[in-house]
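Trainee: Return a 3D structure for these sequence lines:
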Amino acid sequence: MTTHFSLVLLHLAGAVLLLLYAVQLVRSGVEAAAGPRLKSLLGGSRGGAVQAAAGGTVLAVLLQSSTAVAMLACGFATSGLLGVSTGLALMLGADLGSAIVARILSFDLQWLIPVCLFLGGILHLKMRNATAQEIGRMVLGIGFILLSLNMVGGATQPLREAGMLQPVSAYLAEDYMTAFLAGAVFTWLIHSSVASILMIATFAGQGLLGIEAAVPMVLGANLGGGLIAFWLTRGMSAPAQRITTGNLLFRAVAALIGLVVFEAGLLDRLLHASASGVVSFHVFFNACLLVAGLPLAAAAARLTERLVPDAPAAGSGDDPLKRRVSVLDRSVLGTPRLALSSATRELLRMGELVEIMARSVMELFESGDRAEIARIRDIDEAVNAAHTNIKLYLAEVNRGLMTAEEAQRSIELTDFAINLEHAGDIVAKQLLVLAEERAEKGWRFSPAGWEELNELHRHLLDTMHLALNVLISQDRPSARQLVAEKERMRGLARRSQDRHLQRLRHGTPESIETSGMHLEIARGLKELNSLMVTVAYPLLARSGDLLGSRLTAASSSEA
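Mentor: Okay, the predicted model is just below:
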């Protein structure tokens, strides 16, 4: 029996890991195939609480993860583009979206397994178009999710026949709090609420968990889902931490209330011991949380301001962005591998500063706020300091013994640091100067010209986000997508220039007045975009598909 039980655990562990990998596969495929559109969807959901909640629901369904939505929202909050109350509404919608994903995947869809594996394999392995490959990866992930759930059922068959888990299930049914905490800890450990709920539902459907144990575990899983995002954002800015803190408070209070209501027997008519019943309760819980939480989002935001105060200012006019501590670790200089990782993290911090500078550009062209222009320009000093520190740090690392691969990586990091420093100069010494000039002269862009510049700016921000992801992940499909985005940016800039010249021929007064400035802004945004794309070239060159990526990008741009 011992050997047999060990094999059962091995099969079950393999099924769980396949489930986790499959969820991540779907999410990465969606992000790579539709990353810019997802960012635009999130950006467009900032109009109000209901709109934000709806946007969060859609994003979570697409990404199959409320945690992924939380990280996107926290990035917007750090840049000042998303308020805490709106972010909390977004997360309430994301929690419901994640529950809807679990509900869809809990249906009996075994017939889809070979279909998804076949179609996903064809798209991912045989298609040359990058978007088609990522869609194939997403479809493969869905097939693997369904396959893993089928494997869980097969792996637990001996446990059902032997009745080995009945005492455990009976104990959890009597001790609601232990079941609740077990669900929370398990969800936090595997870092996926969707996978956790599906596992609990599968156990319930196989008869390994009664409804008295499954419901408290589902409530605990909801708490654990909030803990994941809270833990991942513990080192981020105060606005970002407030969103995950508020979401955790919502989940914790609602889960405890749900536990009390369930223990009182008030939910008996709504529940039945099956996989479908367990997941339906999960959806019902998150729907109730959304309805009850939306009116309280503003109050919760004020509470989180007390729980997560802003960092104290170090001096008058000191910008907290400039005071971020360098992560360059001099204690690992003798170990090139660790030193390069440290330099990569510092380079990511430098890139985030450049992204914050670039994100504010169009608002400053519109407002002409001199104080804010000066503040953003001051961030360039922090960018320059980071550039210098990274170069000197890597130069010191190069004095030691390094492999050829490590030496090449050091060169790549130095080159990207130089490009980021140049990008910061473009914002501070070109675009902000133009913003000041427009404010002084009171010029206005034509509505069509202004929308074209904003479109270029939105595309630049998407590219920056993807470039920093490639810096850390070194993911080749994302790198190929980044090269394609450069060609798309070139096409957008060319189209904007052509339309601008048409407006000049038609005598549009605003276009005549701002003609030189329009072209300079477009040129600056395009150059910023090109500098960010350079992070992809070394990775694609090493894999031998740099030329293929450029040809694919060029053909998609022409299309």
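Trainee: Please spell out which residues along stretch 141-148 are buried.
Mentor: Residues of stretch 141-148 classed as buried: G141, I142, G143, F144, I145, L146, L147, S148 (neighbour count, 16 or more other C-beta atoms under 10 Å). The way it works is simple: take the backbone N, C-alpha and C, and place the C-beta from them, glycine included.
Trainee: quick one: the first one and L504, what's the gap?
Mentor: Spelled out, it's G141. G141 is 50 Å from L504, where distance means C-beta to C-beta, to the nearest Å.
Trainee: next one: I257
Mentor: Plainly put, I257 is 64 Å away from L504 if you go by C-beta to C-beta.
Trainee: Then M199?
Mentor: Taking C-beta to C-beta, one finds M199 at 63 Å from L504.
Trainee: Of those two, which one has the most company?
Mentor: Each of M199 and L504 has its neighbours counted (other C-beta atoms under 10 Å); M199 has more, 25 against 13.
Trainee: I figured that one hits V152, correct?
Mentor: Yes: at 6.8 Å, M199 counts as touching V152 under the criterion of C-beta atoms under 8 Å.
Trainee: what sits against R377?
Mentor: Residues in contact with R377, defined by C-beta atoms under 8 Å, 6 or more residues apart in numbering, are A428, L432.
Trainee: how far away is it from A428?
Mentor: 5 Å.
Trainee: and if you look at R458?
Mentor: To A428, R458 is 21 Å away according to C-beta to C-beta.
Trainee: The two: who's more crowded?
Mentor: Between R458 and A428, counting by other C-beta under 10 Å, A428 is the more crowded of the two (20 against 16).
Trainee: Tell me the gap between stretch 356-368 and the middle of its chain.
Mentor: 23 Å (C-alpha atoms, centre = their mean, to the nearest Å).
Trainee: for stretch 500-512, same thing?
Mentor: The answer for stretch 500-512 is 40 Å, by C-alpha atoms, centre = their mean.
Trainee: still on that earlier bit, what touches both of M199 and V152?
Mentor: Joint contacts of M199 and V152 (C-beta under 8 Å, 6+ apart) are V16, L19.
Trainee: check contacts around L109.
Mentor: With C-beta under 8 Å, 6+ apart, L109 has these contacts: L146.
Trainee: Which secondary structure element is home to it?
Mentor: Per DSSP states H and E: L109 is located in neither a helix nor a strand.
Trainee: And the pLDDT for it?
Mentor: Confidence at L109, expressed as pLDDT, is 74.
Trainee: of the buried residues of stretch 141-148, closest to E363?
Mentor: G141 (37.6 Å; C-beta to C-beta).
Trainee: could you list every residue that touches the closest one?
Mentor: Shown in contact with G141 (C-beta under 8 Å, 6+ apart): A22, V23, Q24, L25, V26, R27, G29, G120.
Trainee: now with 10 Å?
Mentor: Listed by C-beta atoms under 10 Å, 6 or more residues apart in numbering, the contact set of G141 reads 21-30, 64, 116, 120.
Trainee: I'd like these laid out as TSV, including secondary structure, pLDDT and distance to E396.
Mentor: Shown next, in TSV, are the contacts of G141 (DSSP: H, G, I helix; E, B strand; the rest coil; pLDDT from 0 to 100; distance: C-beta to C-beta, whole Å):
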residue	secondary structure	pLDDT	distance to E396
Y21	helix	80	39
A22	helix	79	43
V23	helix	73	41
Q24	helix	73	36
L25	helix	78	39
V26	helix	76	42
R27	helix	67	38
S28	helix	69	35
G29	helix	71	40
V30	helix	70	41
Q64	coil	72	43
C116	helix	89	50
G120	helix	89	47
